[in-house]
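J.: coords please:
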Amino acid sequence: MVYNCNRRSILQLFEENPRLNVCAPMVRYSKGAFREVLRDYKLDIAYTPMMLADVFKSSEYARRDFTTNDSDCPVVVQFAAHDPVDLAHAAQIVAPFADGIDLNCGCPQKWAYKEKIGAYLSDKPEIVQDMVRAVKAAVNTPCSIKIRKHPTDIRKTVDLVKRAEMMGIDWITIHGRTRHQKSTEPIDYDTIRLVKETVSIPVLANGSIFSLQDASLMYERTGVDGVMAARGLLQNPAFFAGYSHTPLECVEKYVNYAIAYGTPTFIFHHHIMYMMDSLMSNVERKTFNCLPSMPAILDHLAYHYNIRCTL
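T.: Numbers count the residues shown, from 1 in each chain. Modelled structure (predicted):
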């Protein structure tokens, strides 16, 4: 990790830009190489993958999983936690290298709910309150929470964001689906708009952002301060820059960044699969998806698309 003494304030970004483009925290995928590619295509803020605060604070191996450098700015480090002390300790470790620290209150996975993290916290505003207070006391880095629409009672969503704002949270991200809903189900724009109208701090909206048109609709329906994309950026890291499909230059940039960062083959392969999906025929896609090694992937890209590693 490299400290950048000239990191740009996220809070200043919110003041200067009425509409921010943000990369969501994605387990395995929103790592350094991918974040660096996105910054070449009009991304304003990038989140790290979600990390477990209790493991991060006590494990050197876990801490090595977080990498950043001078060009990775602004970056928000996201943690999942249920204990204020764990979260505060983890926040102190990353604070010199981060522009923001986010508490995950929306992860829908069953294992996370059982561990009393993620979406479990949507019913525990007092725990969120304690964790926000602990982070604010431990570091000067801006702090946010990422939530989902409550599955049964919108009043609980409103109560959660009100309490978070009272504790000094700097911005909120809300996903417009419950933890039980599939990603194919419609986004609840009304709930996102209600959250925006409830608090006076910036609000980011997450869910079903695959294009500039989707982003425009979100702004029109909710009045939020920025949009956060996940699957949309995996499929096309350049869509915020107006590209309808991933340009080959973007793929080549990712190839070079990923190799420079030492990205594992599994993650590298999956990123290329996502980016190239709309460019390949069904036959080629099946062949490419079964390639067994990094050299095989690179050979395929060089032979069929003239995409090469230039390191």
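
J.: put the alpha carbons of whichever strand or helix holds L11 into CSV.
T.: Secondary structure assigned from DSSP states H and E places L11 in helix 10-16. What follows is helix 10-16 as a C-alpha-only set of coordinates in CSV (Å, rounded to 0.1, in the frame of the first residue of the first chain):
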residue,chain,number,x,y,z
ILE,A,10,-14.8,12.6,-1.6
LEU,A,11,-16.9,15.2,0.2
GLN,A,12,-15.4,17.8,-2.1
LEU,A,13,-16.4,15.6,-5.1
PHE,A,14,-20.0,15.6,-3.8
GLU,A,15,-20.0,19.4,-3.5
GLU,A,16,-18.5,19.9,-7.0
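
J.: now it: buried residues?
T.: Across helix 10-16, burial judged by 16 or more other CB atoms under 10 Å covers I10, L11, L13, F14. In short, each C-beta sits where N, CA and C put it, glycine included.

J.: helix or strand right after the lowest-mean-pLDDT helix or strand in the chain?
T.: One helix or strand of the chain scores below all others by mean pLDDT, DSSP states H and E: helix 60-64, with a mean of 69. The element immediately downstream of helix 60-64 (helix or strand, assigned by DSSP H and E) is strand 75-80.

J.: follow-up on the earlier one: now for the helix or strand that comes right after the helix holding L11, which elements pack on it?
T.: As assigned by DSSP H and E, the chain's next helix or strand after helix 10-16 is strand 20-23. Under the contact definition 3 or more CB pairs under 8 Å, 6 or more residues apart in numbering; DSSP states H and E, strand 20-23 sits against helix 32-38, strand 45-47, strand 226-229.

J.: wait, what's in contact with the closest residue to L160 other than its chain neighbours?
T.: The shortest distance from L160 to any non-neighbouring residue, by CB to CB, 6 or more residues apart in numbering, is to P125 (4.7 Å). Listed by CB atoms under 8 Å, 6 or more residues apart in numbering, the contact set of P125 reads K156, D159, L160, R163, A164.

J.: and of the residues you listed, the nearest to L43?
T.: A164 (25.0 Å; CB to CB).

J.: contacts only, for the spatially closest residue to Y47 that is not a sequence neighbour.
T.: In this structure, Y47 finds its nearest non-sequential neighbour in P25, 4.0 Å apart by CB to CB, 6+ apart. By CB under 8 Å, 6+ apart, the residues touching P25 are Y47, T48, P49, M50, V76, Q78, D102, N104, K146.

J.: what about 7 Å?
T.: P25 sits next to Y47, T48, P49, M50, Q78 when contact means CB atoms under 7 Å, 6 or more residues apart in numbering.

J.: do L87 as well
T.: L87 neighbours (CB under 7 Å, 6+ apart): A53, F79, A81, L103, M131, A134, V135.

J.: looking at the residues you listed, which are in helices?
T.: A53, M131, A134, V135 (DSSP state H).

J.: count the neighbours of the third one for me.
T.: Applying other CB atoms under 10 Å, we find 21 residues neighbouring A134.

J.: ditto for the last one
T.: If you count neighbours by other CB under 10 Å, V135 ends up with 28.

J.: can you read off the pLDDT for it?
T.: Here the pLDDT value assigned to V135 is 97.

J.: surely it touches I145?
T.: No: under the criterion of CB atoms under 7 Å, V135 makes no contact with I145, lying 10.1 Å away.

J.: circling back to that earlier point, turn the helices and strands packed on strand 20-23 into CSV, including mean pLDDT.
T.: Shown next, in CSV, are those (pLDDT from 0 to 100):
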stretch, mean pLDDT
helix 32-38, 96
strand 45-47, 97
strand 226-229, 98
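
J.: out of those, which comes closest to T68?
T.: The nearest among those, by CB to CB, is helix 32-38 at 6.5 Å.
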